[in-house]
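Q: Sequence plus the predicted model coming up.
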Amino acid sequence: MRLPRFRLTVRRLMAIVAAAAVAIAGYVWSEMSRLREGFRQGAAYHADEEQEQRAMLVAIAARRGELAGNPTIPLIERLAQLRADYHAEMGRKYRRAADRPWEPVTPDPGKPMDERLTVGSPQPGRPFTGPSPPLIAVSPGDGW
């Protein structure tokens, strides 16, 4: 028994191309939706963090009389202001990225820190402030 011959006509070729285009468009749509949702979550995170830093500023301002003798309060207040501004900027960046998920997004800069507030802190993720290791001089002729 002889199998029927498949003929590739222009009409069938157009149907194959259209089906491939629909499949590719579906994949791109799902990726853009995934990116958009991730950017929306980033924007929500930064909005919450900004609100937390602004609340800290309000609390410091409300207790300014009690905290007048503490030398770290101006540092904490300045750092809270810097972090609130940082999170506001990051929130704007991620809201824009959620609206335009096909555009590239620049890497986030590091969070503002003040090393004067982390000196001697034993918490994980904080800079080590113990004694410095001895420096070793290496010259280019040493094979390094």
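A: Thanks, I have it.

Q: Just want the most central residue of this structure.
A: Asp108 (5.0 Å; C-alpha atoms, centre = their mean).

Q: how close does it get to Val58?
A: Applying C-beta to C-beta, to the nearest Å, the value for Asp108 to Val58 is 26 Å. (Each C-beta comes from the backbone N, C-alpha and C, glycine too.)

Q: quick revisit: what helix or strand does the residue nearest to the centre of the chain sit in?
A: Secondary structure assigned from DSSP states H and E places Asp108 in neither a helix nor a strand.

Q: Find the nearest non-adjacent residue to it, please.
A: Excluding its sequence neighbours, the residue lying closest to Asp108 (C-beta to C-beta, 6 or more residues apart in numbering) is Met90, at 6.3 Å.

Q: Is the residue nearest to the centre of the chain in contact with Gly91, as I believe?
A: No - Asp108 is beyond contact range of Gly91, at 11.6 Å (criterion: C-beta atoms under 8 Å).

Q: that older thread, pLDDT value on the residue nearest to the centre of the chain, please?
A: We have a pLDDT of 88 for Asp108.

Q: From Thr72, how far out is it?
A: 27 Å.

Q: what does Ala98 give?
A: 37 Å.

Q: Which one's more surrounded, the two?
A: The neighbour comparison of Ala98 against Thr72 (other C-beta atoms under 10 Å) goes to Ala98, with 18 against 12.

Q: so that one touches Arg34, yeah?
A: No - in this structure Ala98 lies outside contact range of Arg34 using C-beta under 8 Å: 11.6 Å.

Q: The residue nearest to Asp108: which element?
A: helix 73-99.

Q: Report the buried residues of that helix.
A: Neighbour counts over helix 73-99 (16 or more other C-beta atoms under 10 Å) mark 76-77, 79-81, 83-84, 86-88, 90-91, 93-95, 97-98 as buried.

Q: just stretch 98-111 next, same as before
A: Quick answer for stretch 98-111 (16+ other C-beta under 10 Å): Ala98, Pro101.

Q: Start at 52, not 1
A: With 52 as the first residue, the last one maps to stretch 149-162.
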